[in-house]
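# please find the sequence and the predicted model below.
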Amino acid sequence: MAIKTIITEPNKILRQVSISVEKVGKEEQRLMDDMLDTMYAANGIGLAAIQIGVPKRIIVMDISKDENKKEPRYFVNPIIKNKDKIKSTYEEGCLSVPNQFAEIDRPKNCDIEYLDYNGHKKFLKAEGLLATCIQHEMDHLEGILFIDYLSKLKKSMIIKKLSKMKSTRIVV
Ligand code: NI
């Protein structure tokens, strides 16, 4: 297992549409292990493969928020089967949009069909934080970031800030 570098906005890689996984094999499982390590190391609750530069439709998540009781979840080729008309609002952040947060409305509940770590077909009725998180991560698979839901002005301010942070970043 290894901790990978998380790609941050602005970066064209994050705008790629990820490709379906044909079969969950050793390579995909190693990728999921690395993604989980990377997510935990960055104190995130979700990560899509594209965020470490791999354009595969794979997501890892852990919304347990308990250091001692980890509950990792793996989603390969997730599909939303049903979405609630009722919306809920969470203040969202993203490991690829560091230190920026905004309230985003998303369907409150959704049903997801996906393959798990072992390639088995699963069905999940997601609600609350879980539903919001999976929708945020699934957006990554389409090259969408949460800041895309903000006004043009807000979004451009955030991108400007992030660009500035990148240009002044010194690694020694
Ligand atoms: Ni994100």
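Yep, that arrived.

# any low-confidence regions in this protein?
Across the chain, nothing is flagged by pLDDT under 70.

# where do the helices sit along it?
For the chain, the helices defined by DSSP state H cover 26-41, 128-141, 152-167.

# quick one: buried residues of the first one?
When you say that, I think you mean helix 26-41. With burial defined by 16 or more other CB atoms under 10 Å, the residues of helix 26-41 counted as buried are E28, L31, M32, D33, D34, M35, L36, D37, T38, M39, Y40. (Glycine included, C-beta is placed from N, CA and C.)

# in CSV: the helices of the chain, plus distance to I3.
Putting the helices of the chain into CSV (distance: least, CB to CB, whole Å) gives the following:
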stretch, distance to I3
helix 26-41, 5
helix 128-141, 19
helix 152-167, 20
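
# which of these sits closest to S20?
Counting by CB to CB, S20 lies closest to helix 128-141 out of the helices of the chain; the figure is 9.4 Å.

# distance from the chain centre to the closest one, please.
7 Å (CA atoms, centre = their mean, to the nearest Å).

# looking at the helices of the chain, which is nearest to S18?
Nearest to S18, of all the helices of the chain, is helix 128-141, at 4.4 Å by CB to CB.

# how about residues contacting that closest one?
14, 17-18, 45-48, 50-51, 57, 59, 61, 63, 75, 78, 80, 84, 88, 90, 92, 94, 96, 104, 106-110, 112, 124, 126, 145-146, 148 (CB atoms under 8 Å, 6 or more residues apart in numbering).

# mind listing what's buried along that helix?
Within helix 128-141, the residues that qualify as buried are L130, A131, T132, C133, I134, Q135, H136, E137, M138, D139, H140, L141, counting by 16+ other CB under 10 Å.

# got a PyMOL select line for the buried ones in the contacts of helix 128-141?
Those of the contacts of helix 128-141 that count as buried under 16+ other CB under 10 Å are selected in PyMOL with:
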select buried, resi 14+18+45+46+47+48+50+51+57+59+61+75+78+80+88+90+92+94+96+104+106+107+108+109+110+112+124+126+145+146
